[in-house]
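A.B. asks: Using only what follows, build the 3D model:
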Amino acid sequence: MAKLINKVVAKVTKVAKAVKNTFDAFANFKTETTEVALPVDFEQDTVWATQAQMAKMFDVTKQNISLHLQNLFTSGELDESVVAKESLTTGLDGASDHIIYNLDAILAVGFQVNSKKAIAFRKWASEVLKGYIQDGYALNGKKLASDPAALMKLAQEVRAIRTSEKSLYAQVKETFVQCAIDYDKDDPAARTFFSTSQNVFHFAASEQTAAQIILERADASKPNMGMTAMGNRTPTSQDITVAKNYCTETELKKMQIVGESWLLYAEGMALQGKQVSMDRLLNKLTDLVAINEFPVFPGYKQGGPSRADADKHAKEQYELFRQNEKKQLKKSA
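C.D. replies: Numbers count the residues shown, from 1 in each chain. Have a look, this model is predicted:
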């Protein structure tokens, strides 16, 4: 199997390199009044722009851009032979000038130009463009096809972002509102749906409900009160009632898989403009758990632990935990 995978990767890489152009993607700088497509050069990890494009981005004249560039070259802040080159292709915006300038030059000019668009570009370039190029997280087929490791990392991080407990339930609620034909935010049935769906996730990962997880694992005698998601951080009163914080890494990964399947289904329904009942949505979530061959939530058992029971237990353990910490501090003083 390993040999087959390596063979496929080698073939994909070879094909990607064979078809790769110098400019194989574009990064769009967009404001309320301006949009400029800048070619991304994956070979040199930069983007390029003509003077005309920079003038459009920064809302100044081309002559102004030229003056700033000359000042930067004369002062030695930029090396013209490094940051500028002649374009081998026709200007993207139909411009007659074929000298293009890389990201370093664009940013240097931006810092020299006193305009709102320059500030917007500086922020965009710092926060977005560097990550776009260096991390390869622009969904560019050629870039990712030539780097399977980057593709795997992208998939893992997107999955984690989509299904962290905070973002997961925010997205579930958003798509639920779009999909559920009988949704009413003031209806107790809606609140029941969200609490039940949460337990479907937890049971699929651990064969326990959220309440059971907290009751069994919240323990003042354990490091971080039994929470595994805290790292070196001391848990707070808000952390102690979140069942996910007590889950193992493997359990969290299971929740991520189910969460992604659920969101894809719900978002697909919303995109098609389809609305279904809350019961059907919950049944579909259960089906997705079964398809992934995870334990299916059997429903609430009469006399079983409630969320109120779990919260009470967590708070009691937290008080003991804090007392133990104070004792340890006194001993070490």
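A.B. asks: where does the stretch 1-150 of the chain dip in pLDDT?
C.D. replies: With pLDDT under 70 as the threshold, the stretch 1-150 of the chain has low-confidence stretches at 1-26, 42-45, 88-97, 114-115, 125-150.
A.B. asks: so where do the strands sit in the stretch 1-150 of the chain?
C.D. replies: Using DSSP state E, counting those that start in this stretch, the strands of the stretch 1-150 of the chain run over 23-30, 35-41, 46-49, 84-86, 99-102.
A.B. asks: What strands flank the third one, and is each parallel or antiparallel?
C.D. replies: Strand 46-49 has the following strand partners under DSSP bridges: strand 35-41 (antiparallel), strand 99-102 (antiparallel).
A.B. asks: Likewise for the shortest one?
C.D. replies: Taking DSSP bridges as the criterion, strand 84-86 pairs within the sheet with strand 99-102 (antiparallel).
A.B. asks: if we can go back for a sec, which of the strands paired with strand 46-49 sits closest to residue 281?
C.D. replies: strand 35-41 (37.9 Å; C-beta to C-beta). C-betas here are computed from N, CA, C, even on glycine.
A.B. asks: Show me which residues of the lengthiest helix in the chain are buried.
C.D. replies: Taking DSSP state H as the assignment, the helix of the chain that covers the most residues is helix 307-332. For helix 307-332, a neighbour-count test (16 or more other C-beta atoms under 10 Å) marks 307, 310-311, 313-314, 317-318, 321 as buried.
A.B. asks: go on, stretch 259-278?
C.D. replies: Along stretch 259-278, the positions that meet the burial threshold by neighbour count (16+ other C-beta under 10 Å) are 259-263, 265-266, 269-270, 278.
A.B. asks: Same check on stretch 74-86?
C.D. replies: Applying a neighbour-count criterion of 16+ other C-beta under 10 Å, one finds 78, 83-84 buried in stretch 74-86.
A.B. asks: List just the nearest of those residues to residue 72.
C.D. replies: residue 78 (4.4 Å).
A.B. asks: Walk me through the domains of this protein.
C.D. replies: Following automatic domain parsing, the chain resolves into domains at 21-139, 159-332.
A.B. asks: Neighbours of residue 37, how many?
C.D. replies: If you count neighbours by other C-beta atoms under 10 Å, residue 37 ends up with 16.
A.B. asks: Touching, it and residue 28? I think so.
C.D. replies: Yes. Shown here, residue 37 and residue 28 form a contact pair, counting by C-beta atoms under 8 Å, at 5.5 Å.
A.B. asks: Distance to residue 117 for the buried residues of stretch 74-86 - can I get that in TSV?
C.D. replies: Below are the buried residues of stretch 74-86 laid out as TSV (distance: C-beta to C-beta, whole Å):
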residue	distance to residue 117
78	21
83	21
84	22
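A.B. asks: Looking at the residues you listed, which is nearest residue 215?
C.D. replies: The shortest separation between residue 215 and any of the buried residues of stretch 74-86 is 62.3 Å, and it belongs to residue 83 (by C-beta to C-beta).
A.B. asks: Just to check, the closest one is in contact with residue 100?
C.D. replies: No. Assessed by C-beta under 8 Å, residue 83 is found out of contact with residue 100, at 9.7 Å.
A.B. asks: what's the closest residue to residue 98 other than its chain neighbours in contact with, if anything?
C.D. replies: The spatially closest residue to residue 98, leaving aside those adjacent along the chain, is residue 87, at 4.5 Å (C-beta to C-beta, 6 or more residues apart in numbering). When contacts are counted by C-beta atoms under 8 Å, 6 or more residues apart in numbering, residue 87 is found next to 48, 50, 98-100.
A.B. asks: Pick out the most distant pair among the residues you listed.
C.D. replies: The most widely separated members of these are 48 and 98, with 11.0 Å between them, by C-beta to C-beta.
A.B. asks: Looking only at neighbour counts, state which of the two leads.
C.D. replies: Set side by side, residue 48 and residue 98 show unequal neighbour counts under other C-beta under 10 Å, the larger going to residue 48 at 24 against 13.
A.B. asks: mind listing what the more buried one touches?
C.D. replies: Residue 48 touches 23, 38-39, 41, 85, 87, 100-102, counting by C-beta under 8 Å, 6+ apart.
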